[in-house]
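Enquirer: give me the fold of what follows.
(one chain, ligands or ions: 1)
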Amino acid sequence: MLLELVQGVALLLALCFLYSVNIRLLRRQPTLQQLLSGLLFGAICVVGMLKPLQLAPGVIIDARSVVLSMATLFGGPWAAAISTAMAAAMRLALGGAGVGIGLLVIVWCSAAGLAYRHALRRGRVHARPLALLAFGLLLHLSVLGMFQGLEPAAVARVNSQLALPYLLVFGPATMFLGWLLQDVQRRLHTESALADSVARLQAITQSIPDPVLVIDDQGHYLEILSPDETQLIAPAADLLGKRVTDVLPADLAERVMGHIRDCLRTGKPASFTYQLQALGGPSHFEGRCQPLATLVHGRQAVVLLVHDRTEYVQAEAALQESEQRLRTLLRDIPSISVQGYLADGTVTYWNKASEQLYGYLANEALGQSIFDLIVPPAAQADARNDVAQMFATGTPTPACELHLRHKNGAGVDVFSSHAYVHVPGRPPELFCLDVDISSRKAAEERARYLALYDALTGLPNRRLLRDRLEQVLSGNLRTNQCAAVLQLDLDHFKTLNDSQGHVAGDQLLVEVARRLQASVQADDTVARLGGDEFVVLLHNLGTDPFQAAAQVRALGDKILQRLRQPCQLGAQEHHSTASMGATMVHAAPCSAEELLKQADLALYRAKEEGRNTLRFFDPVMQAAVNQRLQLQAELHKALRQGELALFYQPQVDAQGRIVGAEALLRWHHPEKGLVAPGLFIPLAEETGQILALGRWVLETALRQQGQWRQDPVLAALNLSINVSARQFRQAEFVAELRELLLASGADPRRIKLELTESLLLQDVEQVIAIMQALRSLGLGLSLDDFGTGYSSLGYLKRLPLDQVKIDQGFVRGMLQDEKDAAIAHSIIALAHRLGLGVVAEGVETEAHHRFLLAQGCRDFQGYLFGRPEPLADFEQRAKATA
Ligand SMILES: Nc1nc2c(ncn2[C@@H]2O[C@@H]3COP(=O)(O)O[C@H]4[C@@H](O)[C@H](n5cnc6c(=O)[nH]c(N)nc65)O[C@@H]4COP(=O)(O)O[C@H]3[C@H]2O)c(=O)[nH]1
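Expert: Predicted coordinates:
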């Protein structure tokens, strides 16, 4: 009986072998594997039932309980179902008295195996040998229990002969089969996991772009995995089996071997960098050694992972170079001061230009507070706020002009830009880039100063004066306070300038400025308008105009008094006086310009009245001013609208024959009728309109003479034309005349330009040069109003004149006044001695005529011979007397 049981166990071993083959072969097809396992287990049951232990007819004992329980435990539900079905079918086919119990055993064993499998999966039991043994014993104890349902003879045999061997064989057999099946499964799992792991490792290794080398403790290359052989010193095939020391340069090989030995000795990874002439060219590598846990070919070995860091090294070198370049640039750039500082103002960077600009050396500035170093106390609060704001937002404030401080305390004007720099891992910094604009600022300041101040005296100029005057005017409207404008100029300043030079003149002006400033309150204004013209603006003189005027009078007199005090000009003591015009400002709607004109007019009056005095502007003066202004405008219009005309006054010889005429200007005013030149020529002289008028006169008179030249009777007539001093001084005067002579066709020998003695107040040498130039054009020159002006007889000798005109004042008085008679006589005699012609003008009576004839005068002009008259009348007269 034991033999049969052992036979059953042998079958089980065969089962194990077949099962292991099955699951190994069908590892990748689990369902098929389960089906086959089921067939296998079923087949074993069938085979076992073919050679069973026969207890009684139709009652058989075999190992199906072991097979089915383990088939369902390890084979799974499909295997359990198939094997159970096959075993049940076989048992049914065998039939007999034990068929029912036999089927029950089949189903029970399968169910018990499934239950064990279920509990095992849930972790409630385990499948160690002892547990399997306990399961086997319990299972077969329960099967013995089922056998009690057999017919009594079979039961008796079971209980007496079978029970113990049955339990002793099938209990351990169950354990043994379970253990074997479990081992087969475990082994398979291990193999599969190993294969997976190897595959994974291979995939990982192949995906590494860097070479992976296995090197033993002797330096032999055992394995080389390199997707790119250019990273190796030689092709992998050539390296394998060689030693590091055979391939690498000696010093590098030594280093590498040192790291390999260290790695193997300590068991810890080691890394190192090196350079190598690889197949792809000179390269930088980082090697990482990792000791291998197993021996390779019986030797210790390391895995060496070689990472090519050439690009990184090159990029780093380029970065360093660029950084170095930038650092040098920032440090040495001479015109941009760069400072870096932290949020609390601690200076972290200070370039050379900053040393220059702010006076602190880098080692003095670094670590100090930027606020303490260069920010003036008054700007501290704002600067700290701005800096805090910039650090808080990371946004620098827009570039702007700042006024900072040098170490020596002097102000420094800069154009400042900011950059916020935050390098990860370091505290944020603010960089200031300052460009020195001090000289530009100073130039602007100087330009502003020069635009508003007089460079010589430092006093406000006309522009600033006007601004201040306007301020005073608008302030006065509000406060009803009186103010005054005092204009003054120095008497005979020109004489000082001409005689002692401009240096002395400038000294005097500076001294006058000083005295004026010393005479007024600090908030009053003393201005210089130019030349020797000064203006004093007094304000806050109270609301009573009379008291204010009295104050002004007192102050004006005091100023004149002070200016009369001698002044030391170099070695000489100079005495000078000034004339002053004043005008009061009292809530009158008057412009600054008008006030200055009023003061000027008053000054003019003061000069007219003998200088060295103060005159106030009054309304009569104002009326005159208005009249003048109106006249000026009208004169302008007159010229444009052809309201001017020339009258001609005859000049006669000793026999009373008309030998020429003087052209005299007349204005046919649309409302006032004919206006004499005495009413508008002086104004035209002042305003400069005389230049346009004079040109018109010259043009008209020359054209007239040009026409007379065509006329046989009139061609011989001389024509005298008045030329004002201002006209004469024009740079282009001679050229203009040359042009006009050409254009008009006039005969220059018949033209006499009448010049006045006021010309001689100018640079006499220049006057003479111009006169000579005029004479070289063929023109004659006559000195008008001779004896009334400033001419010295010395000049008379030098002037290239043709004629002098005795002023009508002497002619008029010579019959009553001996002095006038003497002067007239002297002029005639002098002219004769100098070889000059002489014309007496203002000859009104026969007595005048006779007297002058007796004195030797041969040419005359005056009402006695004809008044100035229109052209047609004159021409008629001239022709009639020809
Ligand atoms: N009482 C009196 N007066 C006589 C007599 N004979 C001539 N006159 C006046 O004396 C002035 C002579 O001219 P003037 O001395 O050059 O003095 C001129 C001259 O200086 C200036 N003038 C006139 N026309 C011109 C001109 O075209 N250009 C310039 N620059 N000045 C001119 O205006 C001044 C005055 O000119 P007019 O009023 O035309 O006055 C003229 C003339 O009418 C006389 O017998 N008795």
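Enquirer: please report how far Thr294 lies from Glu191.
Expert: Applying CB to CB, to the nearest Å, the value for Thr294 to Glu191 is 18 Å. Glycine gets a C-beta too; all of them are placed from N, C-alpha and C.
Enquirer: neighbour-wise, which of the two wins?
Expert: Glu191 (12 against 6; other CB atoms under 10 Å).
Enquirer: just the element for that one, please.
Expert: Using DSSP states H and E, Glu191 falls within helix 163-207.
Enquirer: separation between Asn243 and Tyr221?
Expert: Residue 243: Arg, not Asn. 8 Å.
Enquirer: more neighbours: which of those two?
Expert: With neighbours defined as other CB under 10 Å, Arg243 and Tyr221 compare such that Tyr221 has more, 22 against 16.
Enquirer: return the distance of the spatially closest residue to that one that is not a sequence neighbour relative to Arg186.
Expert: Counting by CB to CB, 6 or more residues apart in numbering, Tyr221 lies nearest to Leu239, which is 4.6 Å off, once chain neighbours are set aside. Here the criterion is CB to CB. By it, Leu239 lies 41 Å from Arg186.
Enquirer: so the two - more neighbours on which side?
Expert: A direct count of neighbours by other CB under 10 Å for Leu239 and Arg186 places Leu239 higher, at 22 against 11.
Enquirer: which residues does that one contact?
Expert: By CB atoms under 8 Å, 6 or more residues apart in numbering, Leu239 lies in contact with 221, 224, 232-233, 247.
Enquirer: ok, and which of those residues reach the ligand?
Expert: Here nothing survives when the contacts of Leu239 are matched to the ligand using CB under 6 Å from any ligand atom.
Enquirer: in strands, which of those appear?
Expert: 221, 224 (DSSP state E).
Enquirer: can you list the contacts of Leu239 in TSV and add pLDDT and distance to Ile658?
Expert: Formatted as TSV, the contacts of Leu239 follow (pLDDT from 0 to 100; distance: CB to CB, whole Å):
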residue	pLDDT	distance to Ile658
Tyr221	93	139
Ile224	91	136
Leu232	91	130
Ile233	91	130
Val247	91	135
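Enquirer: can you pull the phi/psi pair for the residue nearest the centre of the chain?
Expert: Central residue of the chain (CA atoms, centre = their mean): Ala399, 6.2 Å from the mean position. Dihedral angles of Ala399 (phi, psi; degrees, to the nearest 10) stand at phi -60, psi 140.
Enquirer: tell me the pLDDT at it?
Expert: At Ala399, the predicted lDDT confidence score is 92.
Enquirer: over to Leu139?
Expert: pLDDT, read off for Leu139, is 93.
Enquirer: 799 is where my numbering starts, stick with that
Expert: That works, and once the first residue is 799, the last one we named lands at Leu937.
Enquirer: report how many residues lie close to it.
Expert: Neighbours of Leu937 under the rule other CB under 10 Å: 24.
Enquirer: these two touch, right, it and Ala910?
Expert: Yes - with contact defined as CB atoms under 8 Å, Leu937 reaches Ala910; the gap is 5.3 Å.
Enquirer: which neighbours do the two share?
Expert: Shared contacts of Leu937 and Ala910, defined by CB under 8 Å, 6+ apart, comprise Ser867.
Enquirer: pick out the residue of the stretch 1149-1298 of the chain closest to the ligand.
Expert: Per CB to the nearest ligand atom, Lys1292 is where the stretch 1149-1298 of the chain lies closest to the ligand, at 22.6 Å.
Enquirer: ugh, wrong one, I meant the stretch 1499-1648 of the chain
Expert: For the stretch 1499-1648 of the chain, CB to the nearest ligand atom, closest residue to the ligand: Asn1520, 3.3 Å.
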